[in-house]
Each structure stands twice: as structure tokens, then as C-alpha cells.
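Participant: sequence and predicted structure are below.
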Amino acid sequence: MSNFIIHPTADVSPKAVIGDGTRIWHQAQVREGAQIGRNCIVGKDSYIDFDVKIGDNVKIQTGVQVYHGVTIENGVFLGPGVILTNDKNPRAINADGTLKADTDWEVGPIVVKFGAALGAGSIILPNVTVGRWALVGSGAVVTKDVPDYEIVVGNPARQIGYVGEAGYPLKQIEENGRSVWVCPKTDKRYEF
């Protein structure tokens, strides 16, 4: 028997797999084949498309949209209103005016790696990987891969620094003749 909570107003497919300790809140929709790990939170009004894969300990805030082709690893944070898209060339119709069918387009996958955080209102375009512990600023539009530990902001998103596991921007210093990055919270050293 699974031990998870699904709010009565949520629409969760019986063909979705939900991990123990996960909570799915008001008006959220989880489609068939979606896999959500243990101890996750799926916030109010969020949409998880079919066959999406979500790891353990993932926090999905209110109004997040996660479309087919997305894989989210363990420990990821998705802020309010984040959108993870999947179609690089969206159209409702074909060139001849006929309505597009499921077979008339190609999924552009997205991977969000371990510990990454996507700020409120950020948009991740298809064929992108967001690296481990990376931080995407609120409102950013990510059009290309974000390497591990990078902070990106803007439209299109661009790097402005590095972030540590504690979530704080790192400070660059010279130490023993080399450049290192230091977390102001934990004092942990990083080299990039």
C-alpha cells in the first residue's frame, strides 16, 4: 500500500506512479505514465504531462507546467509558474492547413539535474539540460544548457556567477596562488 496524499480536487491518472510521502495539491493534474518519486510536493494548479519522470524530494510550486519529454532528477526545486516546454517548432496545423497529429512533431527533451533550482516564472526551452545544483533566476528564458553550479538570468539566460549547494552565490577569491569560489554560508571551497 502506498502512503501518499492526493487532494480531492486533483486529477491523477490511475496509470501514474506516485512515490511514498508525496503530496499532490488542489487542482493539480498528473497524466498517465507520469512517475513521481518519494517525498515530493506537487503544488496547486500544476500540470505533469504523460510519461514525465520526477525523482525523489522534488518541490514543485503552484502553477508549474511540466510537459512530455521532461526528466527531473532528485532534489530539484521548481518555483511558482515555471514552464518546461517540449516543442521546438510549435504549430497547430501542418503546411497544408490540416490539424497536426501526435505524430507530426518531435519531442525536445529537457533534463533538470540533481539539486538544481528554477526560479519563479522561468521557462526552459526544449533540448536543454540544467546542470547539478545550477540556479535559474526568476523570469529567465533558458535556450541552451546550463552547466553544473552556474547561475543564469535574463532572456536569453546568461551566466552571472556560480552557486553552491547551500543556494548562495559564491564569492571568488585568490587562495594559495589560485582562484577559488567560496560559499558565504558554509565556507566550502569550489574550483571551476
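Facilitator: Sure thing, it's come through.
Participant: okay, now the unreliable bits of this structure?
Facilitator: 1-2 (pLDDT under 70).
Participant: for residue 85, see how far away residue 12 is.
Facilitator: 22 Å (Cβ to Cβ, to the nearest Å). To be clear about C-beta, it is placed using only N, CA and C from the backbone, and glycine gets the same treatment.
Participant: an error on my part: the question was meant for residue 115.
Facilitator: Separation of residue 115 from residue 85 (Cβ to Cβ): 22 Å.
Participant: residue 14 now?
Facilitator: From residue 14 over to residue 85 the distance is 27 Å, taken as Cβ to Cβ.
Participant: tell me which of the two has more neighbours.
Facilitator: In terms of neighbours (other Cβ atoms under 10 Å), residue 85 is the more surrounded of residue 14 and residue 85; the figures are 19 against 5.
Participant: list the contacts of the more buried one.
Facilitator: Residue 85 makes contact with 67, 108, 110, 123, 124, 125, 126, according to Cβ atoms under 8 Å, 6 or more residues apart in numbering.
Participant: redo the residues you listed as CSV? Include secondary structure.
Facilitator: Written out in CSV, the entries for these read as follows (DSSP: H, G, I helix; E, B strand; the rest coil):
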residue, secondary structure
67, coil
108, coil
110, strand
123, strand
124, strand
125, coil
126, coil
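Participant: these: which two are farthest apart?
Facilitator: In these, two members sit farther apart than any others by Cβ to Cβ. They are 108 and 123, at 13.1 Å.
Participant: number of nearby residues for the residue nearest to residue 166 when sequence neighbours are not counted?
Facilitator: Excluding the flanking residues, the one nearest residue 166 by Cβ to Cβ, 6 or more residues apart in numbering is residue 185, at 4.5 Å. Neighbouring residues of residue 185 were enumerated by other Cβ under 10 Å; the total is 12.
Participant: any idea how far residue 185 is from residue 169?
Facilitator: Residue 185 sits 10 Å away from residue 169 when distances are taken as Cβ to Cβ.
Participant: now swap in residue 114 and tell me
Facilitator: 19 Å.
Participant: then residue 64?
Facilitator: Summarising the geometry, the distance separating residue 64 from residue 169, computed by Cβ to Cβ, is 24 Å.
Participant: more neighbours: which of these two?
Facilitator: A count of neighbours by other Cβ under 10 Å puts residue 64 above the other of residue 64 and residue 169, at 24 against 14.
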